[in-house]
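Enquirer: Here you go, sequence then predicted model.
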Amino acid sequence: MGHIESADGALTINDDASDVAGDLQAIVDMAMKTGGLLKVNSAQRQNLTGSQTRVGWLIIETDTGLIYERTNTAPQGVLVGGASLPEINLVAGQVQSAAANETVRMWAAPGTSPSRSFSDQWFTYASSGDITVKKAGYYRISARVLVAAVAGQALALWLNSTLGVLSQDSVVTSATLGVMAKLDVASVYLPANAVVNVIIATTSGSVALGGPDPARSSGEFSVQFLSS
């Protein structure tokens, strides 16, 4: 046999008997180029080496549904999509008395329904109120905090991170109705192991935050991965 590879990458095998080994290698190379879909679990993907994958391959994690693309610099792939993107979503689980310069820590931990986290490989949560983002990338961050009904008080909150203050809001309380402070960042780049939290910047007096409410009306805190 013998083979010819055209400029556009097409492989043609002919009847020249002088290059069987070369033909077989060419067929293997062609299969490697065109068959670039690898299905492994998340632990196996993290251990892939450059010799096991080729640039342009798609790698699917069977246990998470995430899809990665192999690049020149990332043999384990760069996240490009999936059934759902990594997110941590925390719901208010208790009442917290507000004090200036404190972290909002009223959130129910992941696993305490309905609070949840995609994976400890992506996010961890501490009872101090801190979310640690394990992987670098662009993220959307949002938080809502219910301030209980009380007459004539004011409260300012910051959405804070390793990079500094990302967003802020202030509310004036009502004697009859709770008011909701809202913080949001549409897209921000966070380095690996960045910490994100909500800070009580200042308060004019005694106010209560949050409350145990699985319907989310007492507040929630969410960090969602967007892209690398």
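Expert: Thanks, I have the structure now.
Enquirer: Quick check on Q46: phi, psi?
Expert: Q46 adopts backbone torsions of phi -70, psi -20, taken as degrees, to the nearest 10.
Enquirer: For S115, give its distance to I88.
Expert: S115 sits 8 Å away from I88, going by Cβ to Cβ, to the nearest Å. C-beta here means a position set from N, CA and C on the backbone, and glycine is covered the same way.
Enquirer: Could you check which of the two has the larger neighbour count?
Expert: Between S115 and I88, counted using other Cβ atoms under 10 Å, the more crowded position is I88 (25 against 20).
Enquirer: need the contact list for the more buried one.
Expert: Contact analysis of I88 by Cβ atoms under 8 Å, 6 or more residues apart in numbering lists 110, 116-118, 122-123, 125, 131, 222-223.
Enquirer: which of the residues you listed tops the neighbour count?
Expert: Counting neighbours by other Cβ under 10 Å, the top entry in the contacts of I88 is V223, with 27 neighbours.
Enquirer: and it, what element?
Expert: Using DSSP states H and E, V223 sits within strand 219-227.
Enquirer: How is this protein divided into domains?
Expert: For the chain, automatic domain parsing gives the domain ranges 2-82, 87-227.
Enquirer: how close does the nearest residue to S217 once chain neighbours are set aside get to L157?
Expert: Beyond its immediate neighbours in the sequence, the residue positioned closest to S217 (Cβ to Cβ, 6 or more residues apart in numbering) is L146, lying 6.9 Å away. Note on L146: its distance to L157, by Cβ to Cβ, is 11 Å.
Enquirer: Looks like V207 contacts V147 (just checking).
Expert: Yes. Judged on Cβ atoms under 8 Å, V207 makes contact with V147 at a distance of 5.6 Å.
Enquirer: Now do the shared contacts for these two.
Expert: 98, 155, 173.
Enquirer: any chance of those residues in a markdown table, with neighbour count and pLDDT too?
Expert: Listed next are those as a markdown table, based on neighbours: other Cβ atoms under 10 Å; pLDDT from 0 to 100:
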| residue | neighbour count | pLDDT |
| --- | --- | --- |
| A98 | 23 | 97 |
| L155 | 24 | 97 |
| T173 | 22 | 97 |
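Enquirer: now for the helix or strand the residue nearest to S217 falls within, which elements pack on it?
Expert: Under the criterion of DSSP H and E, L146 resides in strand 137-147. Packing contacts for strand 137-147, counted by 3 or more Cβ pairs under 8 Å, 6 or more residues apart in numbering; DSSP states H and E, involve strand 154-161, strand 164-172, strand 179-190, strand 194-203, strand 208-210, strand 219-227.
Enquirer: Pick out the residue closest to the middle of the chain.
Expert: Residue closest to the mean C-alpha point of the chain, counted by Cα atoms, centre = their mean, is F225 at 3.0 Å.
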